[in-house]
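Engineer: quick one: sequence plus predicted model below, questions after.
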Amino acid sequence: MWRTTWRNLLAHKVRLLLSGLAIVLGVAFVGGTLIFTDTLSKTFNDLFRSTSADVNVARAAAFDQGLAGTGAGGTASYVPEELVDEIADVDGVAAVEGYVQAEGVYILDRDGEVLDTGGAPGLGINWNLERSVSPNTLVEGRAPAGPGEVAIDTNAAEETGYRVGDTIPLLTPGPRIEAELVGTFRFGDSGGLAGATLTAFDTETAQELLTAPGQLTGIGVAAADGVDDDALAERVAAAIGDDYDVKTATEQADTLATDFAEALSFFNVFLLVFAGVALFVGAFIIVNTFSMLVAQRTQELALLRALGASRAQVTRSVLGEALVLGVLGSTVGLAAGYGIAAGLRALFGSFGLTLDGNLVFAADTVLWCYVVGIVVTVLAAYVPARRAARTPPVAAMRDDVVTGERSLRRRTAVGAVLTTVGAAALAGGTLVDDGGNAASLVGLGALLLILGATALSPVLARPFLRVVGAALPRIWGTTGRLARENALRNPRRTAATASALMIGLALVSAFSVIGASTNKSVDALITGSVRSQFVVSSAVGLPFSPDVATAVASTDGVDDVTRVRFGQVQLDGSTSFLTGIDPAGLERSIELTWVEGSADGLAGDGLVVDEQTAQDRGWAVGDTVPALSVDGREQDLVLGGVYESNQVVGSTLVSLDTLTALGGTPQDRFLYVDLAGGVGPDDVRPALDEALAAYPVVDLKDQGEFREEQKAQVDQLLLLINAMLVLSVVIAALGIVNTLAMSVIERTREIGLLRAVGLGRSQLRRMVRLEAVVISLYGAVLGLVLGTLFGVALSRALADQGISELAVPVGRLAVFLLVAAVIGVLAAVGPARRAAKLRVLDAIARA
């Protein structure tokens, strides 16, 4: 039987090729995702290990922030410089140095533009002279020794072309400065910084610019020879008390790596979800391929049964073919995944995020790729394999075998139940108030509806094909009628082929509806909420110096500037993100609908929240809300107002003074610019552009430009999602090609007879093309209808999360329908040519 299995594989290798490609593409996506994220993790883990001394001391955090909320523009905590001397007296300490580190230091190139870091931070540090606690090695020049001197990392020096002795401009969390470049240094052994830049100052200057006089970000301790890191950490902790967090190099690297892994998990899951969609779509092709192969080999299978092969042996033979196909597809897919990972690394590198070293090819990646590829292939082939085993031996004695169609009654019943339950879940999701639960309910309903539509698709195919196909005979005569009848001949096969395309287009159209609704909501939100004529925001996605607001406020024609800052604290025991804003500026620049209270509630220790937050936390105006900063400072806030949810300001507001008292760093995220009476935007725009020319880290936008900027972010995300979903559409197109190719082989004698009675080659090609177009349109219509329902339901479920408006992009959906028809035409090119090339007599004579 194994010899038979191998013979069948070799005999049908062309027919199995496209099914194998579906597995290759799905596994490649899985492998590429795992390889790339493993490489990303290794790069940052190495970075974390490089920055860790034997023992590391930092201010103990009052609550866990992970990687969020720290650094520039969030909340920060420091340790006093005097602690260095205390630690130096601990037995077993060989060296100790305090370090200063903060985000928000940007190197400007010779054109005055910010050095592109690809989203990685621009870091400012102090220069540590003690090599045993510093990862930096001086390569050229000397260390900075005064306020007008800096050293930069070798990567930044190479990219900007700066050399020792040059004067370089820098943007800092405070002022813009110019300093002499006195040295360049390498970070760690390799110099890899994953795209980040390092600018080193002397300690006093670093404290003045980045923290505060006498304050350090942390302290690094080197252990004396023969002293265990764990033992030294215990001694240091005992000496300095519980206000500080003491970790060994291993503990610190592990903590940072864990936090990074949590942050990376979303990206990993995001990519793997699309890989799962691709494999799910690919499973339809495999089922279709093996079903058709089994039908075409009925006599051969029956002969095996007549010669003594048991049902189990026949099943194992077909599953053996699937196993080999899965192994080969997984192997090629794994290699392709390595190529995808290399492409992603190059893409990220072009944005400035450089991943050093080789790609990580872990054993678990190989294992998962083979498990996924083989399991999907074998499971998809199981039903056709069982059907093959039921072939009766007597079928071998017949010259022609017609496989009967099984009843669709059971499938229809299952599909009806799934569709009913899915529709109920979808409708229920639009009625639930809790946005998270509502979205989950809509997701469940969408999944059930897709499964239900897949089950019902053979039943729905007949009426659709009869209605839509009715136009084919009128336009194309005999070839149109033949194309329609061919599509109707086997509704299961047609449905399975169309279902693959249905799933891809359902997801694409759903996200299109969500994207269009989000953009319309952004338009309505900004138009109805932002009163200011101009908005200043970061061009690099990070906070910027308060000097920017000073420069804008001093511009002629500007009446006032409202600063907006972000921070993270714990409110009443739960971690919360705060928006800091001036109370007068809030009234002037932002339109809020107050449920109770007003912007005056921000005065003193005031706090105002949106209606949903007040309801969830059980707060009422006048309540005292205990606040805890990351460095342990406690402050009682008084709830002074409640407003309707508004994504422009977030859910929780405090004054700038309150945010600073709770550890917020004095850096702005947004500036709302209000003009003096009688001054128009065009009158003051040139002066504002000139004032901001010294700060290329920010952008100036009027209301229309601000709306377009926010919508562009939605469009970019939508483009990324659609690009991922294109893979499933490509696989679906391969499925159409495969079905048509195998259908041509299956109908060889019929095609020969048609040619014998006068059907021309061009007519035959047209017949196959029209059949492909009808199948594609069927899948597309199902997908667009389902996707529109999903998108509308999810948009309504997320109404409280900011998607307040509903928009259905009819034009874009019409384009998707047209693309589906084109896919059908292109998919039919190969099978149509093959059919047209068949010799008439050979085709008639072929059994």
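Structural biologist: Okay, I see it.
Engineer: buried residues in stretch 533-546?
Structural biologist: When neighbours are counted by 16 or more other C-beta atoms under 10 Å, the buried residues of stretch 533-546 are found to be 533-538, 540, 542-546. The way it works is simple: take the backbone N, C-alpha and C, and place the C-beta from them, glycine included.
Engineer: can I get the CA coordinates of stretch 24-43 in PDB?
Structural biologist: Listed next in PDB are the C-alpha coordinates belonging to stretch 24-43 (Å, rounded to 0.1, in the frame of the first residue of the first chain):
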ATOM      1  CA  VAL A  24       3.500  26.500   2.000                       C
ATOM      2  CA  LEU A  25       2.000  30.000   2.200                       C
ATOM      3  CA  GLY A  26       0.300  29.300   5.600                       C
ATOM      4  CA  VAL A  27       3.300  27.700   7.200                       C
ATOM      5  CA  ALA A  28       5.600  30.400   5.800                       C
ATOM      6  CA  PHE A  29       3.500  33.000   7.600                       C
ATOM      7  CA  VAL A  30       3.700  31.000  10.800                       C
ATOM      8  CA  GLY A  31       7.500  30.400  10.500                       C
ATOM      9  CA  GLY A  32       8.300  33.900   9.400                       C
ATOM     10  CA  THR A  33       6.300  35.300  12.400                       C
ATOM     11  CA  LEU A  34       8.100  33.100  14.900                       C
ATOM     12  CA  ILE A  35      11.500  33.600  13.500                       C
ATOM     13  CA  PHE A  36      11.200  37.300  13.300                       C
ATOM     14  CA  THR A  37       9.700  37.700  16.800                       C
ATOM     15  CA  ASP A  38      12.400  35.400  18.300                       C
ATOM     16  CA  THR A  39      15.000  37.500  16.600                       C
ATOM     17  CA  LEU A  40      13.400  40.700  17.900                       C
ATOM     18  CA  SER A  41      13.300  39.200  21.400                       C
ATOM     19  CA  LYS A  42      16.900  38.100  21.300                       C
ATOM     20  CA  THR A  43      18.000  41.600  20.100                       C
END
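Engineer: any idea of the mean pLDDT in that stretch?
Structural biologist: Average pLDDT, stretch 24-43: 87.
Engineer: also stretch 781-793?
Structural biologist: For stretch 781-793, the mean confidence score works out to 94.
Engineer: for it, list the C-alpha coordinates in CSV.
Structural biologist: Output of stretch 781-793 as CSV, limited to C-alpha atoms (Å, rounded to 0.1, in the frame of the first residue of the first chain):
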residue,chain,number,x,y,z
VAL,A,781,-21.1,38.1,-2.8
LEU,A,782,-21.3,35.8,0.3
GLY,A,783,-18.1,37.4,1.7
LEU,A,784,-19.2,41.0,1.1
VAL,A,785,-22.6,40.4,2.7
LEU,A,786,-21.2,38.7,5.7
GLY,A,787,-18.3,41.2,6.0
THR,A,788,-20.6,44.1,5.9
LEU,A,789,-22.8,42.6,8.6
PHE,A,790,-19.7,41.9,10.8
GLY,A,791,-18.3,45.4,10.3
VAL,A,792,-21.7,47.1,11.0
ALA,A,793,-22.2,45.0,14.2
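Engineer: distance from the chain centre to it, please.
Structural biologist: Taking C-alpha atoms, centre = their mean, to the nearest Å, the mean C-alpha location of stretch 781-793 is offset from the chain mean by 22 Å.
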